[in-house]
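>>> This is a predicted model, with the sequence first.
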Amino acid sequence: MKGAIQINLPLPLPLGTLLALYVIVLGCYHHHMFHFVGKILCHLEPCDAVDVDQAVKAAKLAFGHWSKMSGMERARIMIKAAHIIESRREEIAQMEVIDNGKSITEARLDVDSARLCIEYYAGLANTLAGQHVQLPGGSFAYTRREPLGVCAGIGAWNYPFQIAAWKSAPALACGNSMVFKPSPLTPVTAVMLAEIYAEAGAPESLFSVVQGGQETGSLLCHHPDVAKVSFTGSVPTGRKIMEMASKGVKPVTLELGGKSPLLIFQDSDLENAVRGALMANFLSQGQVCSNGTRVFVHENILPQFLEEVVKRTQRIEIGDPLLDNTRMGALVSQPHLDKVLSFVDQAKKEGATVLCGGEPFVPTDPKLRGGYYMTPCVLGECKDEMTCVREEIFGPVMSVLSFETEEEVLQRANDTTMGLAAGVFTRDVKRAHRVVENLKAGSCFINNYNITPVEVPFGGFKMSGIGRENGQVTIEYYSQLKTVFVEMGDVDSLF
Ligand SMILES: NC(=O)c1ccc[n+]([C@@H]2O[C@H](COP(=O)([O-])OP(=O)(O)OC[C@H]3O[C@@H](n4cnc5c(N)ncnc54)[C@H](O)[C@@H]3O)[C@@H](O)[C@H]2O)c1
Ligand SMILES: C[N+](C)(C)CCCC=O
């Protein structure tokens, strides 16, 4: 175990004790960990080449046992892990709040999504099968769906526990092991997941955690015994991951950023459209990859829409994320808060109107005063060429644009290098499907936004990524097909 450990957080005793435990378990990490009171939580040291090699070797050993088990046997352990998550839901959710700053209400839903994902892939583990193909003369071939080996998972900070589960569940169901590196900003809850898999009976180091930033991540990508890299994070880092993986011709899953459009037509149910726009922009303090931050509203309903959306945005309860009635917690760090606020300033300079929010927020509770809070912001009179409309802000900032025709709005919605998600609100069923068919995005929503049931694939078009998470298809991203030819006659040699 490396590094001096120092804990500075004035938490109520049970949470403080729990956290101390995880910081000790974490061992090797050096960055400071920030949270909703704005203090350094702990100092740890990043994993170096020796640590990463140790973790990968242990995962390779675990893979040897795990990959020989039947799907049914693997499923049993995964279901047990899901049950443990259920029984520890509140504790994990509270730790996620401390780790990330999001509200406890959302953290609970993230824990549920993680559990459901593990349950879902446990259900698929025993369905993995190949094909039997008859060939001439009684010969035949069959295919086997086999695991890849040790997979590396690298996570972003916005959904720390959920990302670790969304990556590990399909990987483990297919018979792989995984070494996971969480973001340096949110290092804690992935360790809880490792502990849960172990408690459920998984072989030692089947899912293990290494801590660190880009150096540790790149050591994982380059390690010769890592067979695949599954990454969630920004486009620039995704590009580097792909480049590193290409050296070893390793497959990658890339879940990257977005600048998704939400189209609200004149015939929409306005109440649902407003709710959808809020869900599309303000979950997790706006730090969501799939957020529909370019809200295109038909010009005839723009005034009513804006009035309602601004009224409800102003009502969002900001503050202590551990309280049940809080709906918006703290952003992940001071530099990130500064960056988000600078996007608002830039929007003003470029001619957008701040209809509400966009200011630093200082909670009344003195213990929260150092936290990274801001008021959720709605920007009006936005134009396609503005920075706030072109770049991923990754904060609680909604840009509203007006449109006239379906053809025009489709062209504008697709005018981006990203393609993670898109949404449409309309009562016209034909229009809904026609619009969705023409939207260049991996996840499209009709009359809702930002729901991600684990049974359906999630992932991006264009620069928003490669591959999918969730759904049946993800089995293909964590396994490979072996074809076996069986000759029943004699070898018909040409020589
Ligand atoms: N599509 C999705 O499912 C999804 C989900 C969540 C977040 N995101 C995206 O993530 C971004 C925000 O997250 P972030 O700031 O943590 O992203 P990031 O790209 O800065 O970091 C992501 C992870 O990569 C690691 N990393 C950084 N440089 C690396 C390198 N050179 N080699 C190996 N690993 C490296 C980081 O330590 C971290 O663990 C946003 O763009 C958001 O849209 C996408
Ligand atoms: C907000 N959702 C729906 C949970 C999506 C999370 C995926 C990535 O940020």
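Received it, and whenever you're ready, just let me know what you need. Ligands and ions are numbered 1, 2, ... in the order given.
>>> how about whichever residue of the stretch 51-200 of the chain sits closest to ligand 1, what does it touch?
Going by C-beta to the nearest ligand atom, ligand 1 is nearest to Ala156 of the stretch 51-200 of the chain, at 3.3 Å. Using the backbone N, CA and C atoms, a C-beta is placed for each residue, glycine as well. Ala156 makes contact with Ile163, Ser183, Thr232, Gly233, Ser234, Cys289 under the criterion C-beta atoms under 8 Å, 6 or more residues apart in numbering.
>>> And the pLDDT for it?
The model reports Ala156 with a pLDDT of 98.
>>> Please apply the same query to the one 10 residues further on.
Trp166 is assigned a pLDDT of 98 by the prediction.
>>> so it makes contact with Ala114?
Yes - under the criterion of C-beta atoms under 8 Å, Trp166 makes contact with Ala114 at 7.4 Å.
>>> okay, the two: which has more neighbours?
Set Trp166 next to Ala114 and count neighbours by other C-beta atoms under 10 Å: Ala114 wins out with 30 against 27.
>>> starting at the chain centroid, how far to the one helix or strand the more buried one maps to?
In the assignment (DSSP states H and E), Ala114 maps to helix 104-125. Centroid separation between helix 104-125 and its chain, computed with C-alpha atoms, centre = their mean, to the nearest Å, is 13 Å.
>>> Just give the number of residues close to the closest residue in space to Ser205 that isn't next to it in sequence.
Of all residues not flanking Ser205 in the chain, Ala58 sits nearest, at 3.6 Å (C-beta to C-beta, 6 or more residues apart in numbering). Residues lying near Ala58 (other C-beta under 10 Å) number 18.
>>> Can you tell me who Lys482 pairs with across the strands?
Arg144 (DSSP bridges).
>>> Quick check: it touching Tyr142?
No - with contact defined as C-beta under 8 Å, Lys482 does not count as touching Tyr142 (9.1 Å).
>>> mind checking which helix or strand the residue nearest the centre of the chain is in?
Taking C-alpha atoms, centre = their mean as the criterion, Ile163 is the residue nearest the geometric centre of the chain, at 4.7 Å. Per DSSP H and E, Ile163 falls inside helix 160-173.
>>> Any chance of the backbone angles for Pro261?
phi -90, psi 150 (degrees, to the nearest 10).
>>> Not counting residues beside it along the chain, what's closest to it?
Ala413 is the one closest to Pro261 (C-beta to C-beta, 6+ apart), at 3.7 Å.
>>> so what's the one you found up against?
Contact analysis of Ala413 by C-beta under 8 Å, 6+ apart lists Pro261, Leu263, Arg294, Phe296, Ala422, Leu439.
>>> at 10 Å what do you get?
260-263, 292, 294, 296, 384, 401, 403, 422-424, 435, 438-441 (C-beta atoms under 10 Å, 6 or more residues apart in numbering).
>>> hang on, the earlier thing: check the spacing between the residue nearest to the centre of the chain and Val235 real quick.
Distance of Ile163 to Val235, computed by C-beta to C-beta, to the nearest Å: 17 Å.
>>> Residues of this structure that sit close to ligand 2?
Within the chain, the positions near ligand 2 by C-beta under 6 Å from any ligand atom are Asn158, Tyr159, Leu283, Val288, Cys289, Ser290, Asn450, Thr452.
>>> related to what we said a few turns ago, secondary structure class for the residue of the stretch 51-200 of the chain closest to ligand 1?
Look at Ala156: counting by DSSP: H, G, I helix; E, B strand; the rest coil, its state is coil.
>>> quick one, phi psi at it?
According to degrees, to the nearest 10, Ala156 has phi -90, psi 180.
>>> Considering the residues of the chain next to ligand 2, which is situated nearest to Tyr121?
Thr452 (14.9 Å; C-beta to C-beta).
>>> Do I have it right that that closest one meets Arg468?
No - Thr452 lies out of contact with Arg468 (C-beta atoms under 10 Å); the separation is 11.5 Å.
>>> shared neighbours of those two, anything?
Contacts common to Thr452 and Arg468, judged by C-beta under 10 Å, 6+ apart, are Ser443, Phe458.
>>> ok, back up a step: hmm, which of the contacts of Ala413 are the buried ones?
260-263, 292, 294, 296, 401, 403, 422-424, 435, 439-441 (16 or more other C-beta atoms under 10 Å).
>>> any weak-confidence spans in the stretch 351-495 of the chain?
Within the stretch 351-495 of the chain, no range satisfies pLDDT under 70.
>>> Disregarding residues adjacent in the polypeptide, which is nearest to Thr416?
Lys259 (5.2 Å).
>>> Sorry, wrong one. I was asking about Phe265.
Computed as C-beta to C-beta, 6+ apart, the closest residue to Phe265 that is not its neighbour in sequence is Thr426, at 4.1 Å.
>>> Count the residues that sit near the one you found.
Thr426: 22 neighbours (other C-beta under 10 Å).
>>> Go ahead and confirm it touches Leu263.
Yes - at 8.0 Å, Thr426 and Leu263 qualify as touching, with contact defined as C-beta under 10 Å.
>>> joint contacts of the two?
Common neighbours of Thr426 and Leu263 (C-beta under 10 Å, 6+ apart) are Ala273, His298, Glu406, Ala432, Val435.
>>> ranking these by neighbours, who comes first?
Neighbour-wise, the shared contacts of Thr426 and Leu263 (other C-beta under 10 Å) top out at Ala273, 28 neighbours.
>>> For the nearest residue to it once chain neighbours are set aside, list the residues it contacts.
Spatial nearest neighbour of Ala273, chain neighbours left out: Phe425 (4.2 Å); criterion: C-beta to C-beta, 6+ apart. Contacts for Phe425 were tallied using C-beta under 10 Å, 6+ apart; they are 262-265, 267-270, 272-277, 295, 297-298, 305, 432, 445-449.
>>> The residue nearest to Ser205 looks like it's in a helix, true?
Yes - Ala58: assigned to a helix according to three-state DSSP.
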